[in-house]
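Participant: test case, fold it:
(one chain, ligands or ions: 1)
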Amino acid sequence: MKMDIANRADIQLLVDTFYTKVRADATIGYLFNDVARVNWELHLPRMYEFWENILFQTGSFKGNPMAAHVQLHQKSPLTAGHFEQWLKLFLATVDELFEGDNAELIKQRARSIATMMQIKVHPSNDPRSIL
Ligand code: HEM
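Facilitator: Presented below is the predicted three-dimensional model:
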């Protein structure tokens with residue numbers, strides 16, 4: 001039986017496994033590798049803090065995800081299809097590794113943040129809006 005997400009080590013495993021898939025992904029990989037040219041040594045720990053804060057209220061995440069993605073969108077458009085693929089990989093990674101209340105909660109939070117992010121990136125006066 002799979003275990004639930006219980007601590008920071010579990011979050012690290014989830015985040016590392018997820019971004020290994022993201023970097024190799026045909027639909028969204030280029031946004032990380034070529035457009036943003038992500039410094040993974042900085043980005044991965046930031047993502048541990050982000051998700052740890054969401055599940056365990058550690059208060060350790062300092063960042064502005066909405067602004068970061070609006071900036072990325074200005075460099076290279078983020079489409080509804082990009083968000084769908086991001087979410088598909090994230091949900092699949094959670095399901096592959098964990099099961100339980102925290103696994104359900106993190107998937108729910110990923111869905112709602114992805115929705116808010118799309119609204120932020122594609123305001124209703126934008127022809128690419130999903131609304
Ligand atoms: C189309 C989908 C997405 C793409 C292509 C994408 C890409 C990126 C990139 C390139 C960065 C900047 C990394 C860096 O160089 O520092 C970033 C940061 C980040 N992303 Fe995403 N992302 C997507 C969706 C999401 C979603 C749905 C979430 C949350 C549920 C998320 C959470 C974050 C966070 C927390 C940061 C760090 C922001 C900060 O440091 O202030 N991303 N993302």
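Participant: from here on, just use CA atoms for contacts and neighbour counts.
Facilitator: Noted.
Participant: check which residues of the longest helix anywhere in the chain are buried.
Facilitator: The longest helix of the chain (DSSP state H) is helix 101-121. If you call a residue buried by 16 or more other CA atoms under 10 Å, then helix 101-121 has these buried ones: 102-104, 106-107, 110-111, 114-115, 117-119, 121.
Participant: over to stretch 32-39?
Facilitator: residue 32.
Participant: end to end on it, go ahead and measure it.
Facilitator: With CA to CA, to the nearest Å as the measure, stretch 32-39 spans 9 Å from end to end.
Participant: ok, residue 55 touching residue 106?
Facilitator: Yes: at 7.0 Å, residue 55 and residue 106 qualify as touching, with contact defined as CA atoms under 8 Å.
Participant: which elements pack onto the one helix or strand residue 83 maps to?
Facilitator: If you go by DSSP states H and E, residue 83 is part of helix 80-97. Packing partners of helix 80-97 (3 or more CA pairs under 8 Å, 6 or more residues apart in numbering; DSSP states H and E): helix 8-23, helix 101-121.
Participant: for those, give me JSON lines that also has mean pLDDT and distance to the ligand.
Facilitator: Below are those laid out as JSON lines (pLDDT from 0 to 100; distance: least, CA to the nearest ligand atom, whole Å):
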{"stretch": "helix 8-23", "mean pLDDT": "98", "distance to the ligand": "9"}
{"stretch": "helix 101-121", "mean pLDDT": "95", "distance to the ligand": "4"}
